[in-house]
Structures are given as structure tokens and as C-alpha cells.
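Participant: give me a 3D structure for the following:
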Amino acid sequence: MNLSELEVIASELIEQEKMLDQIDSELEFVEGEFKQQPKRTGRDKKFYSLIGIEWKDSGELSQRRAALRDDKRKVQQIVDDARERLVKGFSSGELVVPLDPDPVREGEGHLFRYRANASYPKAVQELASLLGMSVPLRIDEVEISPDRIRATELDPYLAKEDVVNAFDKIRKTVALKLRSARRTQF
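Facilitator: Numbering: from 1, shown residues only. Below you'll find the model as predicted:
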């Protein structure tokens, strides 16, 4: 899997998590309305109409609550699937990180840019989240940012080796998380 594919999956995940938060907020509001709604008589309904407040009977609220719960279940499934695809992608031995092959000497190390000046902010953010880290990620002597990777090694060949080792550690760590998540599901 290519890092650009993971960027697309991470974007989808972030959008669906926002949608899930919105559904949760609306569901919380509807639940509150449902709990506070006393058993009202026809007189109460007329009174609410007279004072210009929308009357919502418990049947409408029940339907809205059921629809929101269904939406939440569907969006949660999409979020879970996207997260699993990210974990599989980052733990795959087939992960392709499209770096320029020749690093640029920068200060006390070497800088690797993504090809075509690409940037992967969402993929790197989700990777950091999976690992419980912050951006930029620091794996030994390698710093992974959305727009570049920096190795502190002065020799370009050893810098490349450090980058490979960092991604091997990432792959193994994410693979362990995937295995432990599967064990807790069963």
C-alpha cells in the first residue's frame, strides 16, 4: 500500500469521526428531550401551540432517536473499517513511502523529501495517533513529518538505513496493535 492511499483513508476516517461526533451531539440532545418530556395532555399541546413553542410528541422523538442510533451504528462501522485499513496499511511489509532517493544534506543530518513535493498530513497524524505520539514522529534518530523525513545521520547511506529501520519499527509496533486488537474482539 502506498502512503498516498493511506492519506485518502485517513481523510475519510477524520471526516467520518467528525460526523460521528455530530451524531453523538444530536443524539445526546434528543435523549435529553426524551427524558424531560412529561406525559402531556391535549391541553398542554394547545398551550404550547398558543405560546409558539414547537410541540414534539414522544413518538416523533422515539423515531428520531432510533434513526440517530442507526446512523451512529453505520458511521461507527465506517470509522472502524477505515481505522483497520490504516492499521493494515501501516503494518504491511508492502508499505511504499514515496521519498526522493537522494537525501539532501541539512545541518547535522539528511533530509528526505516526498516525491513531487507531496505532503501527507492526515496519514502522518493518524499514524501518530495509532502510536500514541505527536507530530512530528520521532523514531530513534528519524523525524517523520507530513512533508519530509529527517535523519540525524551524517552519512547518506546510513541515513537511508535509519529511515528503513524507523519504518520497520513502525510496522512492527502497528502490527502488534493489530494483533492485540483482534485478540480483544474475540
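Participant: ok, for residue 26, nearest residue in space, not its chain neighbours?
Facilitator: Counting by CB to CB, 6 or more residues apart in numbering, residue 26 lies nearest to residue 68, which is 5.9 Å off, once chain neighbours are set aside. The way it works is simple: take the backbone N, C-alpha and C, and place the C-beta from them, glycine included.
Participant: please identify the helix or strand for the one you found.
Facilitator: Taking DSSP states H and E as the criterion, residue 68 maps to helix 58-91.
Participant: chain center to that helix: distance?
Facilitator: Remark: helix 58-91 is offset 14 Å from the chain centroid, using CA atoms, centre = their mean, to the nearest Å.
Participant: and that helix, which residues are buried?
Facilitator: Using 16 or more other CB atoms under 10 Å as the burial criterion, the residues of helix 58-91 that qualify are 61, 64-65, 68, 71-72, 75, 78-79, 82-83, 85-91.
Participant: do the same with stretch 16-29
Facilitator: 16, 17, 19, 20, 23, 27.
Participant: grab the nearest non-local neighbour of residue 172.
Facilitator: Per CB to CB, 6+ apart, closest to residue 172 is residue 91, 7.9 Å.
Participant: roughly how far does that neighbour sit from residue 84?
Facilitator: Distance of residue 91 to residue 84, computed by CB to CB, to the nearest Å: 11 Å.
Participant: now the common contact residues for the two.
Facilitator: The contact sets of residue 91 and residue 84 overlap at residue 178 (CB atoms under 8 Å, 6 or more residues apart in numbering).
Participant: now stretch 1-8: mean pLDDT?
Facilitator: The average pLDDT for stretch 1-8 rounds to 90.
Participant: where does the chain dip in pLDDT?
Facilitator: Low-confidence segments of the chain (pLDDT under 70): 36-44, 55-58, 180-186.
Participant: which residue ranges of the chain form strands?
Facilitator: 104-106, 109-113, 137-139, 142-144, 148-151 (DSSP state E).
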